[in-house]
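Engineer: Structure of the sequence below:
(chains A and B)
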Amino acid sequence: MTIRLLHTADWQLGKSFARFAGGDLAALLREARLAVIERLAARATEADVAAVLVAGDVLDHEHAEPGLLRRMVHRMAGFPGPWLLLPGNHDPARPGGLWDRFAASGDCPENVRLLTRPEPMTLLDGRLVVLPAPLLQKHVSGDTTAWFDTAVLPAGAVKVGLAHGGVPALLPGQSESPNPIALDRAERAGLDYLALGDWHSVLQVGPRTWFSGTPEPDDFTRSGQGQALLVTLPGPGQPVTVRALETGRHAWQARKVDLGHGPAVGAIGDQLDALVAGLAAPGETVLRLTLEGALDLAGRAALEAALGRLEARLRHLEVQDEGLLTAASEADLAAMASEPLLAEVVAALADSEDPAAPVALRLLHQTWQRLEPG
Amino acid sequence: MRLDELVVEDFKKLKGRHVVRPAALGITVVSGDNEEGKSTLLDALKAAFFMKHNTTGADRDAIQPFAGGETPAVTVGFTLDGSAYRLAKRFRRGGVQLETPEGLLEGDAAELRLASLLQFEWPGRGAARDTHTGVAGLFWVDQGTTFAKEQEPSPTALRGLQPALADQVAALGRGERAPRLMTEVRRRRDQHWTGKRDQPRGELATLEREVAELRVELSGLEAAEAEVEALLDRLAATLEKRRAWLAADHLGRARRAVDGSRSALAGVRALEEEKRVRSAERQAAASELRRLQDMADLRRQRLAAIDERAAEQAKLARATAENAPLLDRARRQRAATDAAAEASRRALAAGERERETVRRRAERLRLARELAALERLAADVRATAAEAAEQQARADAEAIDEIALEQLETMEVELKETRAALRAVATRLVLRPDRADAEVLLGLVPVDPAAPIELTAPATLILPGFGRIEVTPGGKGLAELRRALADGEAAFAGRLAELVARDLAEARRRLLARDRLAHEAEAARQKLATLLRASGMKGQAALDAACVTARARLAGFDDVDGGDDADDATLEAEREAVERTLAELREREAALAEERRRATEEEARLGREADVLAGAEARAGLELAKLEDQLAIERDELADVALAEALAAARTVDDRAAEAVLRVERELARAAPEAARLEAEQAARRLAQLEEEGRGLEREVVRLEAELKGAGGRGIGDRKGDVQGRLELAERRHARLFAEARAWRLLAETLEAVDRARQDALVEPLEARLAPYMRQLMGEAVAAFAPESLRLETLRRSAASEPFSSLSVGTREQLAILVRLAIGDLLVETRGQSPPLILDDALVYADAVRLARMKTILQQAAARQQILVLTCRKEDYLGLDARYLRLEDCRA
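Structural biologist: Predicted coordinates for the structure are as follows:
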């Protein structure tokens, strides 16, 4: 009687990864979001689930190029069971919209069910009833799961809700969409499990209510990404068991490094090396590195060199150095003071209120250093 | 540097050895006349230092002694930084020696050491030019060039001055890497900014354009996305509208209304159909009644017509019978007139033939006469022509013509003239015999002794009794005349023989006869022409042809009988008789024709009447038969009694049908068919309108879907994401590059500002040393230098600034000397020494006041510097505390 389901959401296929556009990384990350479907299919097959529930935002936007859904279907082939796709705020089920066109296209296989209507769907010969709450437009003010409370359902069936939106009571202002879902909807509607999408990390919001997060990470700021939930339902009214399965390829990491004040040039490289050593798979890591501290010009030059080496070891390195001060030290000044003209220039730049002055000072130092004496 | 001794040997203008030993400090004035070689001293000094000993080519040639022969040589003793040096240079291979405190140097080592000592540079080849001669070159000024613009410090001079200047300003040195750094920073700045530094260029400009273009593209995509969103909203609204419309079942209700109205309309249509059937039945009954009534009417009319036609036929038969005898008589009358007319025609034809016969006889007679006349004329013509021909032939046979006669006459005249001339010169002998019978023989021929004898040829007279007298005529030209006479007589005789004439008279007679014959021939031809002209013939041949034609025409009348002997009167009488007969016959024929016409018309009229009567009778008979046949057929079809019975029955049926029609019409009026029809139409129209509305909604859906497809809804999000990404990236790259570019610009500007300030500071020591000289020379005037070149640029006097180039030659020269003195002072102060200032014929443009001031200034400067004045005007420099040398005294 036990029913297993694989709960996932927020695939957001076709996401542009605008911040990485211009290189290969954005394309690679987009491909990763398609590739993760294959791993989801493999997990589903391995766990012998009754269905894969996708709790909204299958696509990043409803104006995706037509081939994307066909590629998605192709990637689903590893699991022949039902894939229940719920429209979310990124891909709402507007009449005549994306999902209607896909349904009419003939490209949608039978095992891929588009839950574009708030109507119960019965599976496993009536032993499992799925109540979908599709979003028909990007934003709704009401709770699309409200109808779960009054739905007339066959007795003895396991009841699973599928919805996409935020839970204001738990995550005020933090969800991606304003579409509110009652925190106690599962209890009020007598659901055995409420599968939610929209929050991109795995998050349990109630005894029977979970956000699965996105199966392929896409954010530096959230942990718990890159997973799907294997939901085990022993039977109606029975306690549900939820286990997170790793699905993601890339690790999106945010690290902050305080370089201190005037560190030794060699120490800068050591700190960054230590940082890489702490990463599980540097080659699959998309790293945001926030630097703090204060460097003299020589230290800054050393940092630039060390960052260059670090970038080569990672999938991607994003450096935020707004908190890192760079100033000419006494040593810098002394080094250039041997040239009377440069000493005056350094002093002028140091006193300048021009926002470009610090950079100019750094460039002066770099250029001065590159010029061999004599 | 101090110049201790200058020894010049065989150098350009200076022949032999010249030794100049200037004062160690102070002024030395070397004077000499023009062209004596003062400037050569300066040239020699320059050559010693700046021209290698082994120099060849033009530079070497230029210093060759003008007197030739010797190798130029210069020896310079000088003190530098307290050390004594002696440079001996003979301009040939291996001709240099430099004595230094460290020892003697020779060859290239000496030259290199020299350049090092004086801080100048050797060029690649040839002598060092002004741009290479360092500070010393600045102080050794050629004649007339002190004021020239090119006299600004050369690069090597500047390099030599820089340390001295820098020493004057604390820490003003640029540093070793600063120039290269400035170059690099400027290069980097110029990579990003245009010449005016306010417009981006290169990658920065490209990025700016890329950002702008991407923003535009993104804006377009957002607009397109908004359009797609709006279309999606409209599609959703339309789909909802369609769903609600379908749910309201407008079409179902309309269709039911249509069914109801159609049912009511069907009842009306059934009544209308019954009415149509009843009406048709009524029309059929009425029609049958009318048919029978028409049949009865027709039966009556038929009987009346038969009676009428029978009466008419009888009447026509009577008229035909009456017309028949009249017609017979008319036919006979017409036959009689035909016979008479025929007879008349035959008589007329005979008359016509007779008239033709008479006419032909007359014609034949006329032709015969014409032929006879023609033949006579032809005979006359032939005779005349023969005569003319004969006379002409005779005339033509005569050999003598006017020309021949004229020739003869001319020859005779010439003979006469010759004879007369001969006689004139002949020897005339007049004999006067004593006796009357004296006999005289000329030759053997006796002559009349009484008559004079004219002799033109030697002759012998025999005078019997006397003897012989031989006479030889001797007149002038006698022999020629005699030959001419003999020739003329021979020619005359020959011509007469040719003409077969005995003499000239016969020739004249024969010519007259010939003319007469020709005249007669011409007269005969005139006659012939007259004959032909009178006959109208163009010639004899035409006349002959006319005769032939006339004969042929006459032969055409051979068939005419009789009358061969008739004359014109007889023939005319016959013709008139025939014409009269013909006139009578024609008159009769006309009368007969009229008579026949009338008879024919009468016959025709009566014939037509008979035909009309016969036709009418026949038609009447036919009509009567037809009427009777029709009546018989009609009666066979329906007998008169049966017709009457059927008529009564039909009236009954018609009455009943009319009643049925009235009943249906009353029921139809109750059913209100027009209203039922309008209701049905309205229901149908409403249904159609609703169906159209439904189709409109479908079309709107399809249209919106198509519009969505056309608006590129699918994939627009991807493109937008892509553009957003590229824009974000471009903006980040632009921001980073812009910050760097701004930093490069700031750095370059700061470097340049600092450098400029330092350059300005660098000239301050020079300006400070120049200022006292300037005040002394020109009052409060201040000279300003270009920092980078130490070139005098402006002179400021009384708040007005004047470019150096606009000053007078004299002032420029004076200022240039002051600048050198200031530089000399600076060098003395900072380096302890300066090169000796050598002025070659300078200050020649100075007025007396300026010259005096300049001398005072030179005297002041001489306290610190060694000054050598080369001049041809020694008196200008008198009064100085100076060593005065005369060039001629320097010759060793």
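Engineer: Residue for residue, what is the longest strand chain B has?
Structural biologist: Of all the segments of type strand in chain B, defined by DSSP state E, the longest one is strand B:2-11.
Engineer: Show me which parts of the next helix-or-strand element following that one are buried, residue by residue.
Structural biologist: Proceeding N to C from strand B:2-11, the next assigned helix or strand is strand B:14-20, under DSSP states H and E. Under the neighbour-count criterion of 16 or more other CB atoms under 10 Å in any protein chain shown, strand B:14-20 has B:Leu14, B:Lys15, B:His18, B:Val20 buried. Where C-beta positions appear, they are placed from N, C-alpha and C, glycine not excepted.
Engineer: quick one: contacts of the longest strand of chain B?
Structural biologist: B:14, B:16-22, B:24-25, B:40-41, B:43-45, B:47, B:63, B:65, B:67, B:69-80, B:84, B:833, B:836, B:866, B:868, B:892 (CB atoms under 8 Å, 6 or more residues apart in numbering or on different chains).
Engineer: swap in stretch A:360-369?
Structural biologist: Contacts for stretch A:360-369 (CB under 8 Å, 6+ apart): A:297-298, A:300-301, A:326-328, A:332, A:335-336, A:339, A:342, A:345-346, A:349-350, A:352, A:354, B:177, B:181, B:184-185, B:188, B:740, B:743-744, B:746-747, B:750.
Engineer: average pLDDT for that stretch?
Structural biologist: Averaging pLDDT along stretch A:360-369 gives 84.
Engineer: Could you export that stretch as PDB, CA atoms only?
Structural biologist: The C-alpha trace of stretch A:360-369 is given here as PDB (Å, rounded to 0.1, in the frame of the first residue of the first chain):
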ATOM      1  CA  ALA A 360      44.700  55.400 -10.700                       C
ATOM      2  CA  LEU A 361      47.100  54.900  -7.800                       C
ATOM      3  CA  ARG A 362      47.000  51.200  -8.300                       C
ATOM      4  CA  LEU A 363      47.600  51.500 -12.000                       C
ATOM      5  CA  LEU A 364      50.500  53.800 -11.400                       C
ATOM      6  CA  HIS A 365      52.000  51.300  -9.100                       C
ATOM      7  CA  GLN A 366      51.500  48.400 -11.500                       C
ATOM      8  CA  THR A 367      52.900  50.400 -14.400                       C
ATOM      9  CA  TRP A 368      55.900  51.500 -12.300                       C
ATOM     10  CA  GLN A 369      56.600  48.000 -11.300                       C
END
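Engineer: Mind listing what's buried along the helix or strand encompassing B:Arg113?
Structural biologist: Assessed by DSSP H and E, B:Arg113 sits inside helix B:107-118. Judged by neighbour count using 16+ other CB under 10 Å, the buried positions of helix B:107-118 are B:Gly107, B:Ala110, B:Glu111, B:Arg113, B:Leu114, B:Ala115, B:Leu117, B:Leu118.
Engineer: go on, stretch B:329-344?
Structural biologist: Those buried within stretch B:329-344 under the rule 16+ other CB under 10 Å are B:Ala330, B:Arg331, B:Gln333, B:Arg334, B:Thr337, B:Ala340, B:Ala341, B:Ser344.
Engineer: Backbone dihedrals for whichever residue of the stretch 201-350 of chain A sits closest to chain B, please?
Structural biologist: Among all residues of the stretch 201-350 of chain A, A:Glu339 sits closest to chain B, at 2.7 Å; criterion: CB to the nearest CB. Per-residue torsions, A:Glu339: phi -110, psi 110 (degrees, to the nearest 10).
Engineer: tell me, how many neighbours does it end up with?
Structural biologist: A total of 22 residues lie near A:Glu339 under the criterion other CB atoms under 10 Å in any protein chain shown.
Engineer: Need the pLDDT of it.
Structural biologist: pLDDT at A:Glu339 comes out at 71.
Engineer: Tell me how far it lies from B:Arg180.
Structural biologist: 10 Å (CB to CB, to the nearest Å).
Engineer: just B:Thr460 next, same as before
Structural biologist: For B:Thr460, the distance to B:Arg180 - CB to CB - is 161 Å.
Engineer: so B:Ile27 is in which element?
Structural biologist: Using DSSP H and E, B:Ile27 falls in strand B:26-31.
Engineer: average model confidence for whichever helix or strand comes after that strand?
Structural biologist: Scanning forward in sequence from strand B:26-31 by DSSP H and E, the next helix or strand is helix B:38-50. What helix B:38-50 shows for mean pLDDT is 88.
Engineer: export the helix or strand following helix B:38-50 as PDB, just CAs?
Structural biologist: Toward the C-terminus, helix B:38-50 is succeeded by helix B:57-62 as the next helix or strand (DSSP H and E). Below are the C-alpha coordinates for helix B:57-62, written out as PDB (Å, rounded to 0.1, in the frame of the first residue of the first chain):
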ATOM      1  CA  GLY B  57      84.000  64.300 -47.700                       C
ATOM      2  CA  ALA B  58      82.500  67.800 -47.800                       C
ATOM      3  CA  ASP B  59      83.200  68.500 -44.100                       C
ATOM      4  CA  ARG B  60      86.900  67.700 -44.600                       C
ATOM      5  CA  ASP B  61      87.100  69.600 -47.900                       C
ATOM      6  CA  ALA B  62      85.600  72.700 -46.200                       C
END
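Engineer: returning to that earlier point: now do the buried residues in the longest strand of chain B.
Structural biologist: Going by 16+ other CB under 10 Å, strand B:2-11 has these buried residues: B:Arg2, B:Leu3, B:Asp4, B:Leu6, B:Val7, B:Val8, B:Glu9, B:Asp10, B:Phe11.
Engineer: B:Glu752: what's it in contact with?
Structural biologist: The neighbours of B:Glu752, taking CB under 8 Å, 6+ apart as the test, are B:Met182, B:Arg186.
Engineer: Please identify the helix or strand for it.
Structural biologist: Going by DSSP H and E, B:Glu752 is in helix B:713-778.
Engineer: could you give the mean pLDDT of that helix?
Structural biologist: On average, helix B:713-778 scores 84.
Engineer: Mind listing residues that contact the very next helix or strand once past that helix?
Structural biologist: Where DSSP H and E defines the elements, the next helix or strand beyond helix B:713-778 is strand B:782-786. For strand B:782-786, contacts defined as CB under 8 Å, 6+ apart pick out B:763, B:766-767, B:770-771, B:774, B:791-797, B:801, B:804, B:815, B:818-819.
Engineer: Likewise for stretch A:60-71?
Structural biologist: Applying CB under 8 Å, 6+ apart, the external contacts of stretch A:60-71 come out as A:12-16, A:34, A:59, A:90-92, A:94, A:97-98, A:102, A:105, A:107-108, B:225, B:228, B:232, B:713-718, B:720-721.
Engineer: Domain map for the chain?
Structural biologist: With no chain named, the answer covers chain A. Domain assignment for chain A by automatic domain parsing gives A:3-246, A:251-370.
Engineer: wait, chain B
Structural biologist: Partitioning chain B according to automatic domain parsing yields domains covering residues B:2-153+B:790-890, B:427-470.
Engineer: thinking again about what came up before, the longest strand of chain B vs strand B:14-20, what angle?
Structural biologist: 170 degrees (axes from the mean of the first three to the mean of the last three CA atoms, to 10 degrees).
Engineer: Tell me the strands beside strand B:2-11, with direction?
Structural biologist: strand B:14-20 (antiparallel), strand B:73-80 (antiparallel) (DSSP bridges).
Engineer: To A:Thr145, which of these lies closest?
Structural biologist: Closest of the strands paired with strand B:2-11 to A:Thr145 is strand B:73-80, at 103.3 Å (criterion: CB to CB).
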